[in-house]
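In: Okay, predicted coordinates and the sequence, questions at the end:
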Amino acid sequence: MEQNIPWWHKTILYQVYPMSFQDTNHDGIGDIPGITRRLDYIQSLGVNMIWINPIFASPKVDNGYDVSNYMEIDPQFGTMQDVEELIHEAHIRGIKIIFDLILNHTSDQHPWFQEAIKSPDNEYRNYYIWRDGKKNGAKAPNNWEGFFNTSVWEKGPLEDDQYYFHLFAKEMPDLNWENPNVRRALEDVALFWLDKGIDGFRLDAFIHIVKEEGFPDLDLPEGQIDLAEQYYSNLPKVNQYMRIFTTSLREHFPDIYMLGEAASANVELARSYCDIDQGGCNSVITFRYFTMDEEAKDKRLNGNMQATKLLYPEFEANMDEWQRAMADVGGPTLYWSNHDMARTVSRIGNDHIYRDNSAKMLATLMYLQKGIPVIYNGEEIGMKNLYIDAIEDFKSPEAQGFYEKALELGYTREWAIHNIRETSKDSARGGMQWHDGDYAGFSTVEPWSGVNVEKKYNVKDQMMDSESILIHYKKILDLKRTELFCIGDYRLLPTDANIYAYEREYSNKAATIICNVTEEMQFYDLPPVPENGYRRPILSNEGVRLIKGGNTVRLGPYAAVVLLTDYE
């Protein structure tokens, strides 16, 4: 492979949600030794980097994203020695490790905040964002809504008029990045873990670290609140602070990988975040790819909790824009799901009749594009949504409100539960399915989140089946490591709404990837092969056939094929 491209352009990331991956101490919760135990499996996939969701000390108001001590491992996951062993064993296998680093907020149990609430004069008070309330503290400082459907302001415990700012749960106060002491403290945290040997970070919610000066009210009727992302997302100063932060770290560790979570970033912002001289990230994850059918939703209910179809033409246009804009920085991140989204085969594919074929098609479509694959653990065996059938078993804070409102509007309990199950992040956090025995091999006791126990859809069965989803993923990642699919040029092909097709080209090779995104038979006419070329299929799932002298592809439901053309 070419030697003059940055090493991280060749990254294949595997996201491990530790609570749900592998339990080794029989408490129903995944742990660090569980990840170490499964490193050989991860290596066998062709993965060369693992992103591990938060394992720091935390009260778990938001499953670890509320950190009470950045430099301490939460006891439910293990010990510092366990982490050091994981890093060592991963590196032996050529696998890099990145940790989730939460930059925007801490837990209210963090020592900084516990000091901050003691007195307005405490040296840690300015580590967080405080403002006087209106009407002598009787009302919040402004009418902004946060991401957990509440005001961004919470009254402090002192007998004064002050409120603290929190974009997420009230137990997760936002840090004040205007304070240089905060920036230095977070640099110290990052350097502590880099000294331990990790290889970088996934930067959680970094696009929110700057808030609009003056905290202006939205133009709303009295008493109402609403999201105010224009005032706390993607503000220009974010890049200034991130450049300082990442430059400081790279002075000590020049080869670290920084994956930014830029959920609402458009492609221009993503470009700036991925510029070493601006935002300092190597790549970013955006939620802007997935254009769901909004027209099919009831506007009176939370749209994020209503299951609808992906609109492929719009999705295709989005991906093409990101491919073209990010081509010279290694391409965009390529992902279908993560710990905050329902399972891929349930949300986008078909987890009933065409579970295998749709899972294979989606993997073929996404990961052979130009960019960095980010695969969420369990996706590679076609894990579907965790079956949850009681509203009290959903942990998502918005689930209860959606359920009650849906019933109030006349929807059935079944309709409400189905939609929550098909969209909730809880559905993606079931235990990893290692075999079809007790608790799917995730644990010897009942898992904290539940687990689907299924014949066939587990690692053990799929390892022994040459036609399994797992083996198909391995073949895709084998291709991904070649020059053609890693650094080759990308070109979207014109098709109707039923086909997603593109080309990759490098040196004397070209590949055509054709995917049927429907349950109906489709046909795709191929251009003639040049005289000096030879075209052949190198990867497909069920239902692919070349007809009419090899110039037309017939594609069954969710069929996909990769055709390689060699030029003399």
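Out: Good, I have the coordinates.
In: drop to CA atoms for contacts and neighbour counts, all remaining ones
Out: OK.
In: where do the helices sit along the stretch 251-400 of the chain?
Out: Using DSSP state H, counting those that start in this stretch, the helices assigned to the stretch 251-400 of the chain run over residues 267-273, 312-326, 344-347, 355-367, 399-408.
In: quick one: buried residues of stretch 309-321?
Out: Neighbour-count burial for stretch 309-321 flags 310, 312, 313, 314, 315, 316, 318, 319, 320 (criterion: 16 or more other Cα atoms under 10 Å).
In: same question, stretch 238-245
Out: Buried residues in stretch 238-245 (16+ other Cα under 10 Å): 238, 239, 241, 242, 243, 244, 245.
In: So the fifth one: helix, strand or coil?
Out: On the three-state scheme (DSSP: H, G, I helix; E, B strand; the rest coil), residue 243 is labelled helix.
In: Quick check, it in contact with residue 278.
Out: Yes: using Cα atoms under 8 Å, residue 243 and residue 278 qualify as a contacting pair, with a distance of 5.6 Å.
In: which residues are common contacts for those two?
Out: Common neighbours of residue 243 and residue 278, counting by Cα atoms under 8 Å, 6 or more residues apart in numbering, are absent.
In: if we can go back for a sec, let me know the closest of the buried residues of stretch 309-321 to residue 516.
Out: Within the buried residues of stretch 309-321, the smallest distance to residue 516 is 10.8 Å, found for residue 312 (Cα to Cα).
In: Tell me what the residue lying closest to residue 475 once chain neighbours are set aside is bridged to.
Out: Beyond its immediate neighbours in the sequence, the residue positioned closest to residue 475 (Cα to Cα, 6 or more residues apart in numbering) is residue 539, lying 7.8 Å away. Following DSSP bridges, residue 539 is listed with bridge partners residue 562.
In: Next, find the distance separating residue 539 from residue 80.
Out: For residue 539, the distance to residue 80 equals 43 Å [Cα to Cα, to the nearest Å].
In: and residue 286, what is it in contact with?
Out: For residue 286, the contact set (Cα under 8 Å, 6+ apart) comprises 261, 262, 263, 264, 265, 266.
In: again, only using 10 Å
Out: Taking Cα atoms under 10 Å, 6 or more residues apart in numbering as the criterion, residue 286 is in contact with 260-267, 270, 332-335.
In: Residue 131 now?
Out: 137, 140-142, 153, 155, 161-165, 214-215.
In: Confirm that it sits in a strand.
Out: Yes: for residue 131, which was evaluated using three-state DSSP, the result is membership in a strand.
In: what kind of secondary structure is residue 478 in?
Out: When the rule is three-state DSSP, residue 478 gets the label helix.
In: quick one: the strands in the stretch 451-568 of the chain?
Out: Across the stretch 451-568 of the chain, reading from the start of the chain, the strands by DSSP state E, counting those that start in this stretch fall at 489-492, 499-506, 509-516, 522-525, 533-540, 544-547, 552-555, 560-567.
In: ok so, going back, same list (the buried residues of stretch 238-245) but as a markdown table, adding distance to residue 222 and pLDDT.
Out: Output for the buried residues of stretch 238-245, formatted as a markdown table (distance: Cα to Cα, whole Å; pLDDT from 0 to 100):
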| residue | distance to residue 222 | pLDDT |
| --- | --- | --- |
| 238 | 31 | 97 |
| 239 | 35 | 96 |
| 241 | 35 | 97 |
| 242 | 36 | 97 |
| 243 | 40 | 96 |
| 244 | 40 | 96 |
| 245 | 40 | 97 |
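In: In terms of distance to residue 405, which of these ranks first?
Out: Of all those, residue 405 sits closest to residue 238, with 37.0 Å by Cα to Cα.
In: What is the neighbour count of residue 45?
Out: Neighbour count of residue 45, defined by other Cα atoms under 10 Å: 19.
In: who's in contact with it?
Out: Taking Cα under 10 Å, 6+ apart as the criterion, residue 45 is in contact with 12, 14, 380, 470, 471, 473, 474, 475, 476, 477, 478.
In: what about the stretch 301-450 of the chain, any weak spots by pLDDT?
Out: For the stretch 301-450 of the chain, no stretch has pLDDT under 70.
In: which residues in it form strands?
Out: Counting by DSSP E, counting those that start in this stretch, one finds strands in the stretch 301-450 of the chain at the ranges 333-334, 372-376.
In: What degree of burial does the closest residue to residue 563 other than its chain neighbours show, as a neighbour count?
Out: Nearest-residue entry for residue 563: residue 537, 4.2 Å, with adjacent residues in sequence omitted and distances by Cα to Cα, 6+ apart. Residue 537 sits with 16 neighbouring residues when counted by other Cα under 10 Å.
In: just residue 201 next, same as before
Out: Per other Cα under 10 Å, the neighbour tally for residue 201 reads 23.
In: Would you agree it falls within a strand?
Out: Yes: according to three-state DSSP, residue 201 belongs to a strand.
In: which residues sit in contact with it?
Out: Under the criterion of Cα under 10 Å, 6+ apart, the neighbours of residue 201 are 51-52, 97-102, 190, 193-194, 256-260, 281.
In: rerun at 7 Å
Out: Contacts were defined as Cα atoms under 7 Å, 6 or more residues apart in numbering; by that measure residue 201 touches 98, 99, 100, 101, 257, 258, 259.
In: Can you give me the pLDDT of the last one?
Out: I take that to be residue 259. At residue 259 the predicted local distance difference test score is 97.
In: cool, and the second one?
Out: Looking at residue 99, its pLDDT reads 98.
In: Report the distance from the helix or strand harbouring it to the chain centre.
Out: For residue 99, the enclosing helix or strand under DSSP states H and E is strand 96-102. Centroid separation for strand 96-102 versus its chain: 13 Å, with Cα atoms, centre = their mean, to the nearest Å.
In: And stretch 274-281, by the same measure?
Out: On the basis of Cα atoms, centre = their mean, stretch 274-281 sits 20 Å off its chain's mean C-alpha point.
In: I would like the residues contacting it, please.
Out: The set of residues that contact stretch 274-281 without belonging to it, under Cα under 7 Å, 6+ apart, is 239, 240, 242, 243, 246, 258, 259, 260, 272, 273, 282, 283.
In: Next one: residue 327 from residue 321, what distance?
Out: From residue 327 over to residue 321 (counting by Cα to Cα), the distance is 10 Å.
In: Give me the contacts around stretch 431-445.
Out: Defining contact as Cα under 7 Å, 6+ apart, one finds that stretch 431-445 is touched by 20-23, 26-28, 378, 446-447, 449-451, 453-455, 458-461.
In: Buried subset of those residues, written for PyMOL?
Out: Listed next is the PyMOL selection for buried residues among the contacts of stretch 431-445, using 16+ other Cα under 10 Å:
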select buried, resi 20+21+22+23+28+378+446+447+449+450+451+453+454+458+459+461
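In: Out of the contacts of stretch 431-445, which sit inside helices?
Out: With helices taken from DSSP state H, the overlap with those comprises 459, 460, 461.
In: just these now: which is nearest residue 510?
Out: Set against residue 510, the nearest of the ones in helices among the contacts of stretch 431-445 by Cα to Cα is residue 459 (32.6 Å).
In: Quick check, pLDDT for that closest one.
Out: We note a pLDDT of 98 for residue 459 in this prediction.
In: Look up the closest residue to it, ignoring the ones flanking it.
Out: In this structure, residue 459 finds its nearest non-sequential neighbour in residue 434, 4.8 Å apart by Cα to Cα, 6+ apart.
In: Neighbours of the one you found, how many?
Out: For residue 434, the number of neighbouring residues by other Cα under 10 Å comes to 23.
In: now it: how far from residue 443?
Out: Applying Cα to Cα, the value for residue 434 to residue 443 is 10 Å.
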